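> just to be clear, the model below is a prediction. Sequence and coordinates:
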Amino acid sequence: MVEELNPFVYDDPLAPDELVDRDEQTRQLLTLAEGGHNTRLSAPRRYGKTSIILRLLAEADRAGLQTVHVDFYRCVTRAEAARRIEEAYLARLGGPLRRTVSALTRSWHTRLNVGAGGVGVQAERVRELDNQRLADLLDLPKRIFAKSGVRTVVAFDEFQDFLRIGEGLDGLLRSKIQLHREQASYVFAGSEPGMLEELFNGKGRPLFDQARPIPIGPLAEADLAEYIGVRFERGGRDPGVALDLLLDLARGHPQRAMLLAHHLWEQTSRGMLADEETYQATLEAVDRETRERFERTWLDLGSTPAQRRVLAALANSRHSLYSNTTLRAFELDKSAAQQAAQALVYGGDVMHVERRLSIVDPLFERWLQLTQR
């Protein structure tokens, strides 16, 4: 029966109509996009940025705008970036607009094939061709607007991986988007908030002040409780006291809340009221699923012992990180702790919450508490 299927998805972006709350952010993003303004989603990793993008693009489609979603996750070359942009446009557009994109891409495929053949184009020439192809693809909103008179909302997801491909790409992008005010609006999102902050707020960077930050904070407990509770009720289950315990642990973290809810559902049979014992079984299942991943994260930090100590301190100390009590207990000096904390914030592992540093992932924090005693 359909209602018996586990309704809590945590390993993929949520469908637009399944998104928990985020109505205000979606409205703000759409209003700014319609007005020709660029935005960037400012949030820690696994906070549902892609789900928000998909919701925004669905709303923009209904508003009559053209929409494109380009995911640069683990993109490492200019040629790969160009291919992803090309495929994103071809996947979203139809009719005359699709033919416009196809005409451009076919012309470039011909030029690149000739260049790779008997002519013997050198590596530097191939690089020039890749750069020019990328520049032409970044200019597609102008071609689409010329054909349709309709603005395009372009979402660049995992944007930091695009910029890591090589020097000068932020300058190339700036040279294009600054001329697209009438034709396109851009949404930038990435999983390393510190890097994006530097790219868009650094006065010496080409993208300085080119996108308005839209903060994405934790989900409200009331919204999560309603979302989870309704789906349990539809499945003939009652989350009971386990729901409050789940919310306390999740701290509004979107993906981690769905992961916990998924496993709580698995531990709660139809007609059953979840209790503390059910919640403990849920935690054991979650620990089994996440243990190997957290161990790998910890091993990856082996070359930066100060970061390990800062994470352990944030998870286990009842005092502030820079208090003498915490510094002594975790064998840190203040300067090393500050540098390590800054690096962790830059990478998106730690964030500021009410002027205090906090580990972003509540389940990783729990793992640290269990293993660092």
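Arrived safely, thanks for sending.
> C-alpha only now, for contacts and for neighbours.
OK.
> report the contact partners of Arg237.
By CA atoms under 8 Å, 6 or more residues apart in numbering, the contact set of Arg237 is Thr268, Ser269, Arg270, Gly271, Met272, Leu273.
> separation between it and Glu226?
14 Å (CA to CA, to the nearest Å).
> before we move on, the earlier item: just the buried ones from the contacts of Arg237, in PyMOL syntax?
This is the PyMOL syntax for the buried subset of the contacts of Arg237, where burial follows 16 or more other CA atoms under 10 Å:
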select buried, resi 268
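> for the contacts of Arg237, which one is nearest Arg111?
The shortest approach to Arg111 among the contacts of Arg237 belongs to Thr268, at 59.6 Å (CA to CA).
> give me the neighbour count for Arg234.
Neighbourhood size, Arg234 [other CA atoms under 10 Å]: 12.
> equivalent analysis for Gly202, please.
The number of residues packed near Gly202 is 13, by other CA under 10 Å.
> spatially nearest residue to Ala60, not counting backbone neighbours?
Spatially, and ignoring its direct neighbours in sequence, Ala60 is nearest to Leu30 (6.6 Å; CA to CA, 6 or more residues apart in numbering).
> ok, that neighbour touching Arg62?
No. In this structure, Leu30 is not within contact of Arg62 by CA atoms under 8 Å, at 10.9 Å.
> can you give me the strands for the protein?
With DSSP state E, the ranges of strands along the chain come out as 39-42, 66-71, 152-157, 184-189, 212-215, 350-353, 356-359.
> nearest to Ala285, out of these?
Closest to Ala285 of those, according to CA to CA: strand 356-359, at 21.7 Å.
> which residues does that closest one contact?
Counting by CA under 8 Å, 6+ apart, Leu311, Leu314, Ala315, Ser320, Leu321, Asp349, Val350, Met351, His352, Glu365 sit against strand 356-359.
> sheet partners, orientation included, of it?
strand 350-353 (antiparallel) (DSSP bridges).
> buried sites along the strand it pairs with?
Val350, Met351.
> equivalent analysis for stretch 296-303, please.
Buried residues in stretch 296-303 (16+ other CA under 10 Å): Trp298.
> check stretch 89-107 too.
For stretch 89-107, by 16+ other CA under 10 Å, it's Tyr89, Leu90, Leu93, Leu97, Thr100, Val101, Ser102, Leu104, Thr105.
> show the average pLDDT along it.
Confidence over stretch 89-107 (mean pLDDT, whole number) is 92.
> and this protein, what are its domains?
What the record gives for the chain is the domain set 22-215, 220-300, 301-373, from automatic domain parsing.
> what's the span of the longest one from first residue to last?
Domain 22-215 has an end-to-end distance of 11 Å (criterion: CA to CA).
> which stretches of the stretch 1-150 of the chain form helices?
For the stretch 1-150 of the chain, the helices defined by DSSP state H, counting those that start in this stretch cover 23-34, 49-62, 78-92, 95-116, 123-138, 140-148.
> actually the stretch 151-300 of the chain, not the one I wrote
Secondary structure of the stretch 151-300 of the chain (DSSP H, counting those that start in this stretch): helices located at 159-163, 169-177, 193-201, 221-234, 240-250, 254-267, 276-300.
> least confident of the ones you listed, on average?
Looking at these, the bottom one is helix 193-201 with a mean of 85.
> go through it and flag the buried ones.
Applying 16+ other CA under 10 Å to helix 193-201 flags Pro193, Gly194, Met195, Leu196, Leu199, Phe200, Asn201 as buried.
> alpha carbons of it, as CSV, please.
The C-alpha coordinates for helix 193-201 follow below in CSV (Å, rounded to 0.1, in the frame of the first residue of the first chain):
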residue,chain,number,x,y,z
PRO,A,193,29.6,29.4,3.0
GLY,A,194,33.0,30.8,4.0
MET,A,195,34.2,30.6,0.4
LEU,A,196,31.1,32.1,-1.0
GLU,A,197,31.3,34.9,1.6
GLU,A,198,34.8,35.7,0.5
LEU,A,199,33.9,35.6,-3.2
PHE,A,200,31.0,37.9,-3.0
ASN,A,201,32.1,40.2,-0.1
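> which residues are contacting it?
Contacts of helix 193-201 (CA under 8 Å, 6+ apart): 42-44, 160, 190, 205-211, 345-348.
> now do stretch 159-167
Against stretch 159-167 from outside (CA under 8 Å, 6+ apart): 71-78, 81, 169-170, 188-192, 195-196.
> quick one, what contacts Arg291?
By CA under 8 Å, 6+ apart, the residues touching Arg291 are Trp367.
> ignore what I typed, I meant Ala43.
Lys49, Ser191, Pro193, Pro215, Ile216, Gly217.
> okay, it and Arg234: tell me how far apart.
Taking CA to CA, one finds Ala43 at 31 Å from Arg234.
> related to what we said a few turns ago, report the buried members of the contacts of helix 193-201.
Buried members of the contacts of helix 193-201, scored by 16+ other CA under 10 Å, are 42-44, 160, 190, 206-208, 210-211, 345-348.
> out of the residues you listed, who's nearest Tyr10?
Distance to Tyr10 across the buried ones among the contacts of helix 193-201 (CA to CA) is lowest for Pro44, with 15.9 Å.
> need the nearest residue in space to that closest one, chain neighbours excluded.
In this structure, Pro44 finds its nearest non-sequential neighbour in Gly348, 5.5 Å apart by CA to CA, 6+ apart.
> circling back to that earlier point, now the contacts of Ala43 as JSON lines including distance to Glu182?
JSON lines is the format used below for the contacts of Ala43 (distance: CA to CA, whole Å):
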{"residue": "Lys49", "distance to Glu182": "25"}
{"residue": "Ser191", "distance to Glu182": "29"}
{"residue": "Pro193", "distance to Glu182": "28"}
{"residue": "Pro215", "distance to Glu182": "25"}
{"residue": "Ile216", "distance to Glu182": "27"}
{"residue": "Gly217", "distance to Glu182": "31"}
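> so where is this protein shaky, pLDDT-wise?
Applying pLDDT under 70 to the chain flags residues 1-3, 113-124, 126, 373.
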